[in-house]
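J.: Give me the fold of what follows.
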Amino acid sequence: MKDTDLDFIHRFIPPDSNAKESELTLLLLHGTGGNEDDLIPLGKELAPNASILSVRGKVLENGMPRFFRRLEEGVFDIEDLKIRTDELAEFIVKSSSAYMFDSESLIAVGYSNGANIAASLLLRRPEILAGAILFRAMVPFIPTVMPDLSKKSIILLEGLYDPIVSKAEAESLLEIFTKTQSSVTLKWQNSGHNLTQEDIVAAKNWLESNSDL
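T.: The predicted structure follows:
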């Protein structure tokens, strides 16, 4: 199903009618230059019985969709990020009502720019997500007051040879989420910024071990 009546171009895919019942919904958030179709195969592989809400970023950078502006590589427009985070949060609330999925069982699956805005959602609008799978995420911003994420579970999947996200950057994000009291795991992958089969296996294992979300 496609619906442009809500604030973002997106796709919502309910579970297959023959699938085992699941309350889980995956929020799929693409990387720079992607769209709402990119991560759907990944979402179906991670959780075949889940509903899927896949969203296209509104911001264009040289014609490529993103979820928020950046000033240059690795330097975010923080004010725009916060505005876009709130916009996305409100869209999710409306989508939950429109598509009748349980907003308390919503797991973000974000890659690169999508992972960054998912991290921002956790830090700025913690009521929106139950947890997150963040592929190649950076620190979106440093909160002045750390939110209480003690009921949230998060996995950071970072590449050892990533030219965009440094080891120090990934460890800073881990430190921030640790301070929020979330259940957070950092797993290093033998890769760069690209996604690999190793990522998919790790994410699927994490989802299965957090089936109570």
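J.: What is the burial count for Ile142?
T.: Using other CB atoms under 10 Å, Ile142 has 12 neighbouring residues. The C-beta positions use only the backbone N, C-alpha and C, and glycine is treated the same way.
J.: Identify the residue spatially nearest to it, adjacent ones excluded.
T.: Leaving aside its chain neighbours, Ile142 sits nearest to Ile176 (6.7 Å; criterion: CB to CB, 6 or more residues apart in numbering).
J.: so what's that neighbour up against?
T.: The contact partners of Ile176, taken as CB atoms under 8 Å, 6 or more residues apart in numbering, are 123, 139, 142-143, 146.
J.: After whichever helix or strand it is part of, which helix or strand is next?
T.: Assessed by DSSP states H and E, Ile176 sits inside helix 167-179. Toward the C-terminal end, the helix or strand that comes next after helix 167-179 (DSSP H and E) is strand 183-189.
J.: returning to what we had before: what is the mean pLDDT for the helix holding Ile176?
T.: Mean per-residue pLDDT for helix 167-179: 98.
J.: ok, back up a step: if you rank the contacts of Ile176 by neighbours, which is first?
T.: Counting neighbours by other CB under 10 Å, Leu123 comes out on top of these with 22 neighbours.
J.: tell me the contacts of the spatially most central residue of the chain?
T.: Nearest residue to the geometric centre of the chain (CA atoms, centre = their mean): Gly110, 3.1 Å. Gly110 sits next to 28-29, 116-119, 132-135, 137 when contact means CB under 8 Å, 6+ apart.
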